[in-house]
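Asks: Okay, sequence plus prediction incoming.
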Amino acid sequence: MSPVSRKRKPKKPKNRQPGSGSQSGPESDPLLELYVELERPFADTLATASPIEAHSLGGYLLDLWDTQDDAGRQRRNELFYAWLDLAEDRNGPGAVPMLRALAFLIDRPEMRRDAETLADRLVADGFTEPEWAKHPVTVTALHRYADAYGDEANMLFEFTAGNEKVGLLALLDGNIFGGTVMETGLVEDPAAALRDLNEDAQEEGLVLDADADLTGTALDAWEGLDASLDLPEHMVDEDFGARRWVAQAWLRTIIELADETEEESEDWLSDEDYAELDDAEAGAAPGTRPQHEDTEAAAGSLDGEIEALRQEQIDEMAARYVRETGRGSASELGMVKQILGYSWDYDGGRLTRVSPVKLDLISETLLAEGGLEPVDPAELTAFLHRWVDWCAPREELSEHAVAALHQRLNGE
């Protein structure tokens, strides 16, 4: 079940940032050096039927450019268009597969179109079209295994690309940032990956969700990959960023297909939206450059609005708990609001989600270690039993799942 994105990946350049350093001539241009380094591996994919290798190389390239600093998007845009210039000027056999891979992977529609247009022109001029680029990537099946509480979900999406079958694996941890993909990658043998998932599910108590919605699951995985941007480096391996680019691009084919078939659908960010993001990352509104004080004031205003909404929802849910249970002591209300605050801040706003892991985090880390005034352990356990019973119908938990939570609280 191991993703194959690491295969035949060029060595990462040492102490080198693409497009940085001296520009005195081709020999000292790091971007050109990187292009030359990747040109042959891309050319080697011309005859392959599967897009895995070319997409993996493209993900590696985009991850090199993805600095994740304030100017990250703008810098990546500049490098992207400099790369297109190199592809057009050098006219090597690797140019078209490079452009096709980048056009598939890059997240900005205008940039995808520009890469496709240049690739089309090169093909019209006689350059070879990659075999893998002649066929669309099409989703054919979804297998989603999850526990009853939202702690864990293992997803395998099956695709076809021409006559090739490809799988996309995404393993999601529901207790990190409200749902974060911790491992992802393309697999060459979806059938073998599915057998591994079945074995893992039996060992971990996960159940196949036969009614899983394809588009909704793809969105969950896409957002979980987005959340992984905030993970500390030690929690993922060095190639994870490259695999994230590839996975999100494949998932985008599912989501965009759903958008095309729905009468009223929300589009992905438009070119104008991306332009505004570029300006924001550069510290300016579209067409202007606001004063630093104005930027700080706007950020402070937004933070204030979010905090007001947070407090409103916590107060509303706490009032509902008191109204429905009749328990409104200061101690009880304090514990309720603390849990709701934790759920807003760290569990993606899922205020009433309860699970074995979440209960452990709340009782051991949040409450028992000073999140509130000192609470008697027996009082805390009794409250958590009541909290589970109140949340269970809202989360549509089965009697068996609820009983398992009570047993967990009792230390059984």
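Replies: Great, that's in hand. None of these values were measured; they are calculated from a predicted model. Residues are numbered from 1 along each chain as shown.
Asks: just checking, next helix/strand downstream of the lowest-mean-pLDDT helix or strand in the chain?
Replies: Scoring the helices and strands of the chain by mean pLDDT, DSSP states H and E places helix 271-281 at the bottom, with a mean of 55. Downstream of helix 271-281, the first helix or strand assigned by DSSP states H and E is helix 292-325.
Asks: Report the buried residues of that following helix.
Replies: Ile314, Met317, Ala318, Tyr321 (16 or more other CB atoms under 10 Å). Using the backbone N, CA and C atoms, a C-beta is placed for each residue, glycine as well.
Asks: and which of those residues is nearest Asp213?
Replies: Met317 (26.2 Å; CB to CB).
Asks: Who are the contact partners of the closest one?
Replies: Neighbour list for Met317: Val336, Leu340, Leu351, Thr352 [criterion: CB atoms under 8 Å, 6 or more residues apart in numbering].
Asks: Need those in JSON lines (columns: neighbour count).
Replies: Formatted as JSON lines, those follow (neighbours: other CB atoms under 10 Å):
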{"residue": "Val336", "neighbour count": "24"}
{"residue": "Leu340", "neighbour count": "23"}
{"residue": "Leu351", "neighbour count": "19"}
{"residue": "Thr352", "neighbour count": "17"}
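Asks: how about the residues you listed in a markdown table, adding pLDDT, distance to Phe42 and secondary structure?
Replies: Shown next, in a markdown table, are these (pLDDT from 0 to 100; distance: CB to CB, whole Å; DSSP: H, G, I helix; E, B strand; the rest coil):
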| residue | pLDDT | distance to Phe42 | secondary structure |
| --- | --- | --- | --- |
| Val336 | 93 | 57 | helix |
| Leu340 | 94 | 51 | helix |
| Leu351 | 96 | 48 | coil |
| Thr352 | 97 | 50 | coil |
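Asks: With respect to Leu208, which of those is nearest?
Replies: If you rank the contacts of Met317 by distance to Leu208 using CB to CB, Thr352 comes first, at 25.0 Å.
Asks: thought the closest one was touching Val388?
Replies: No. Using CB atoms under 8 Å, Thr352 is not in contact with Val388; the gap is 10.2 Å.
Asks: before we move on, the earlier item: widest-spaced pair of the buried residues of helix 292-325?
Replies: Among the buried residues of helix 292-325, Ile314 and Tyr321 lie farthest apart (CB to CB), at 10.7 Å.
Asks: helices or strands next to the host helix or strand of Pro393 in the packing?
Replies: For Pro393, the host element (DSSP H and E) is helix 377-395. Helix 377-395 is packed against helix 292-325, helix 330-346, helix 399-409, with contacts defined by 3 or more CB pairs under 8 Å, 6 or more residues apart in numbering; DSSP states H and E.
Asks: want to throw these into CSV with distance to Asp220?
Replies: As requested, these are exported to CSV (distance: least, CB to CB, whole Å):
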stretch, distance to Asp220
helix 292-325, 22
helix 330-346, 18
helix 399-409, 20
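Asks: And those helices, which one averages the lowest pLDDT?
Replies: Here the lowest mean pLDDT among the helices and strands packed on helix 377-395 goes to helix 292-325, at a mean of 83.
Asks: Now do the same for the residue nearest to Asn163 when sequence neighbours are not counted: helix, strand or coil?
Replies: Spatially, and ignoring its direct neighbours in sequence, Asn163 is nearest to Ala49 (6.5 Å; CB to CB, 6 or more residues apart in numbering). Classification of Ala49 using DSSP: H, G, I helix; E, B strand; the rest coil returns coil.
Asks: From Glu131, how far out is Ala49?
Replies: For Ala49, the distance to Glu131 (CB to CB, to the nearest Å) stands at 5 Å.
Asks: ok, the two, which is more surrounded?
Replies: Glu131 (18 against 15; other CB atoms under 10 Å).
Asks: Quick one: residues contacting that one.
Replies: Leu46, Ala47, Thr48, Ala49, Gly162.
Asks: what does Met155 give?
Replies: Leu142, His143, Arg144, Tyr145, Leu169, Ala170, Leu171, Leu172, Thr217, Asp220, Ala221.
Asks: Nearest to Val187 among these?
Replies: Nearest to Val187 out of the contacts of Met155 is Leu169 (CB to CB; 5.7 Å).
Asks: so what strands line up beside whichever strand or helix holds that closest one?
Replies: Using DSSP H and E, Leu169 sits within strand 164-173. In the sheet, strand 164-173 lines up against strand 152-161 (antiparallel), strand 180-187 (antiparallel) (DSSP bridges).
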